[in-house]
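*Asks:* generate coordinates for the sequence data below:
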Amino acid sequence: MDAFGDYIDINVHIMFTIYIADIIQRFFKTIVEYFKYKNHNSPENRLWTILGRAYCYNVPSRVLFFFIIVISIYRARFPPLHYLAYMPILWLYHCVNVPHSTLDYATFIRANHGLDSASSMAANYFHGYLKLTLPAYTNNPGIRERIYMYEQRHDVKFALNRLIILVPSQLFIKSKFESPYLEKAEPLPKVYLNRAGVNRPYQNDVYRFTKPINNRFYYMALEGATPILTFFETINFQPTSTKEILQMKREILLKFFKYLKKLVGDWPETEQETELIFYDDYKPNGEKQDIGEMLFNHFKSILLSKESSNSNNTFSTRASQHIESIHD
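*Replies:* Next up, the predicted model:
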């Protein structure tokens, strides 16, 4: 038991020394921040703001430090002075960033803090476009109303009364979707919204399936996610491309899709107004994916399933009515 107790004491002393080294290192970062990056912090309470950021520990770190203090007071005591001689090794360890790997970038992107580029792209797309154009406002009809008016005026039927937004795995989106399964139709009516002092027109394209589903040619309000095309251009333009962003492009893409889906789904005015579809540009056999064929098969399955369900419900209702009439 004495050996185990000594082992605990040594580990507590080591951890205490690590925390002391960390506190000193954070103080050094505070000095650098205050003098080198002074203008990055607003003048009001600049020093306290920097100190608050420098000495902001997460909850597990604070809990661990609390237990180390308690054990030090009641058992291990504070570390002998010769332990402090090892602090420069810890500073060197952190200065050269030994623990870092590209997995840290992936972990950072996946975290829910809103500081990564994927979250920013999704939030800008949502607040600057989808949240403005999808819902109905006093002077402008929403996407559902515009689709309904389009159906009435042209005597057609949409596969889905929402805006369909495509997110491709390879990021690139053509200005026009080309496929034997699709043909471009007349767009939905424009809506005009005042944004930052400019009365901007917004318009959604419409495509028609060239092949019927249950003897009907369905239409769609369809477009690609424009921030993803911008992202594609960013990573393929030398002045804005970096090794890190190329390594993390799929992480950024997936975070964009998941976060945008969450934003759209959490906002009552948009949750039923759009359909996000993530798809692979290539099939499992390596063949290039035909967007029109992919969409046709996707909606054919949905529409046939819906019609089958409606038929079953109708049959069940008639059967129930028949049974009731027999009992009567």
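*Asks:* pick out the residue nearest the middle of the chain.
*Replies:* Residue closest to the average C-alpha location in the chain (Cα atoms, centre = their mean): Tyr259, at 2.4 Å.
*Asks:* contacts only, for the closest residue to that residue other than its chain neighbours.
*Replies:* Nearest in space to Tyr259, with sequence neighbours left out and distances taken as Cβ to Cβ, 6 or more residues apart in numbering, is Ala122 at 4.3 Å. No exception for glycine: its C-beta is placed from N, CA and C like everyone else's. By Cβ atoms under 8 Å, 6 or more residues apart in numbering, the contact list for Ala122 reads 227, 255-256, 259-260, 263.
*Asks:* let's see it at 7 Å
*Replies:* The contact partners of Ala122, by Cβ atoms under 7 Å, 6 or more residues apart in numbering, come to 256, 259-260, 263.
*Asks:* can you check Leu263 too?
*Replies:* Going by Cβ under 7 Å, 6+ apart, Leu263 touches 122-123, 126.
*Asks:* picking that back up, so which of the contacts of Ala122 are in helices?
*Replies:* Of the contacts of Ala122, the ones assigned to helices by DSSP state H are 256, 259-260, 263.
*Asks:* can I get these in TSV including pLDDT and distance to Arg146?
*Replies:* Below are the ones in helices among the contacts of Ala122 laid out as TSV (pLDDT from 0 to 100; distance: Cβ to Cβ, whole Å):
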residue	pLDDT	distance to Arg146
Phe256	97	26
Tyr259	96	26
Leu260	97	21
Leu263	96	22
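*Asks:* same for the strand of greatest length in the chain, what does it pack against?
*Replies:* Determined from DSSP state E, the single longest strand within the chain is strand 157-168. Applying 3 or more Cβ pairs under 7 Å, 6 or more residues apart in numbering; DSSP states H and E, one finds that strand 157-168 contacts helix 143-154, strand 218-224, strand 274-279.
*Asks:* so who does Val167 touch?
*Replies:* Taking Cβ under 7 Å, 6+ apart as the contact definition, Val167 lies against 225, 228, 257, 276-278.
*Asks:* let's see it at 6 Å
*Replies:* When contacts are counted by Cβ atoms under 6 Å, 6 or more residues apart in numbering, Val167 touches 225, 228, 257, 278.
*Asks:* in the sheet, who's paired with it?
*Replies:* In this entry, Val167 is beta-bridged to Phe278, by DSSP bridges.
*Asks:* now do it, the pLDDT please.
*Replies:* pLDDT for Val167: 97.
*Asks:* where do the domain boundaries of this protein fall?
*Replies:* Listed by automatic domain parsing, the domain ranges of the chain are 2-99, 117-311.
*Asks:* including distance to Arg110, could these go into CSV?
*Replies:* Formatted as CSV, the entries for the domains of the chain read as follows, by distance: least, Cβ to Cβ, whole Å:
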stretch, distance to Arg110
domain 2-99, 17
domain 117-311, 7
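*Asks:* what's the least confident stretch among those domains?
*Replies:* domain 2-99 (a mean of 89).
*Asks:* now do the SS call for Lys211.
*Replies:* coil (DSSP: H, G, I helix; E, B strand; the rest coil).
*Asks:* do Val98 as well
*Replies:* coil.
*Asks:* next one: it from Pro80, what distance?
*Replies:* Distance of Val98 to Pro80, computed by Cβ to Cβ, to the nearest Å: 26 Å.
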